[in-house]
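> Fold the following, please.
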Amino acid sequence: MPLFCGLLVTVACSKDEDEAPKSWDTELGAATFATTNTWTISNGEITQVWSDAVQAANCSNKETFNGGDMFGTVPNIDCRSNPNFRGDLFSWRAVNELNLCPDGWRVPTRQDFINLDIALGGNGANREDTLLSAFVANNYITRWGGQAAGGSNHNGTLHFQGTDGHYWSMDGGALNGHSLSFSTFSGTIRPLDFAVRSSGFTLRCIKE
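Model (predicted):
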């Protein structure tokens, strides 16, 4: 049975080889491979609202990777198609220079990821234990709606799809961008992670 892309789609839509890139309007603005869903995470004094929405007008859904140097010190605004999982993959500079979040939403900070982990029942620190795999599945995947969409290297090759999730923050340095990462395989949770800025990671916007 074919999949349909519509206003209330809650799963990623597959893409036929000759089909134009999918985009549609949502309550959060024009979006590519996004849903109308939002996720509210609340625990104690911490309340956050998240969404996968990304504005298609600012970033075309390309099938090819335009490159960029190893550390992303030159502009790299390519958006790599990731049709098997919710959300495309963006370089750190694309996330922070193209204003991809709709009005009223923004790219998260490193502190937002720390607060998210605490609100989900963690301690806000990096940790790894295979026993944490259930915590990742129950909290980052089910409660937060995160995706194990993997990422892409600076040359565009994909990795860790189906096991790992990587999300950019707006914080970073000259060579690296700060990120959140988690793994359902190894039980890794890193709200204080980082990677070279030319890596392709997912973007999840947080409500201002």
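> buried sites along the helix ranked longest in the chain?
Taking DSSP state H as the criterion, the chain has its longest helix at helix 110-119. Residues 110, 112-119 are the ones in helix 110-119 that count as buried (16 or more other C-beta atoms under 10 Å). Just so you know, the C-beta spots here come from the backbone N, C-alpha and C atoms, and that holds for glycine as well.
> With stretch 172-189 instead?
Going by neighbour count (16+ other C-beta under 10 Å), the buried part of stretch 172-189 is 172, 176-184, 187-189.
> Quick one: mean pLDDT over it.
In this model, stretch 172-189 has a mean pLDDT of 93.
> give the contact list for the closest residue to residue 177 other than its chain neighbours.
With sequence-adjacent residues excluded and distances taken as C-beta to C-beta, 6 or more residues apart in numbering, residue 177 is closest to residue 92, at 3.3 Å. Residue 92 makes contact with 72, 168, 172, 177, 195, 197-199, 201, according to C-beta atoms under 8 Å, 6 or more residues apart in numbering.
> Keep only those of those residues that are in strands.
In strands, judged by DSSP state E, the following of the contacts of residue 92 are found: 168, 172, 177, 195.
> Was I right to think the first one contacts residue 198?
No: taking C-beta atoms under 8 Å as the contact criterion, residue 168 and residue 198 are not neighbours in contact, 11.8 Å apart.
> who touches the helix or strand harbouring residue 181?
Using DSSP states H and E, the element containing residue 181 is strand 176-183. Strand 176-183 is contacted by residues 71-72, 92, 95-96, 108, 110, 113, 116, 133, 136, 140, 146, 148, 160, 163-169, 171-172, 188-197, 199, 201 when judged by C-beta under 8 Å, 6+ apart.
> Emit the PyMOL select command for whichever of those residues are buried.
This is the PyMOL syntax for the buried subset of those, where burial follows 16+ other C-beta under 10 Å:
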select buried, resi 72+92+95+96+108+110+113+116+133+136+140+146+148+160+163+164+165+166+167+168+169+171+172+188+189+190+191+192+193+194+195+196+197+199+201
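> so where's the protein shaky on pLDDT?
Applying pLDDT under 70 to the chain flags residues 1-36, 53-88, 154-156.
> Tell me which stretches of it form strands.
24-26, 29-31, 39-43, 46-51, 79-80, 89-90, 105-106, 127-128, 151-152, 158-159, 164-172, 176-183, 188-196, 205-207.
> Much appreciated, bye for now.
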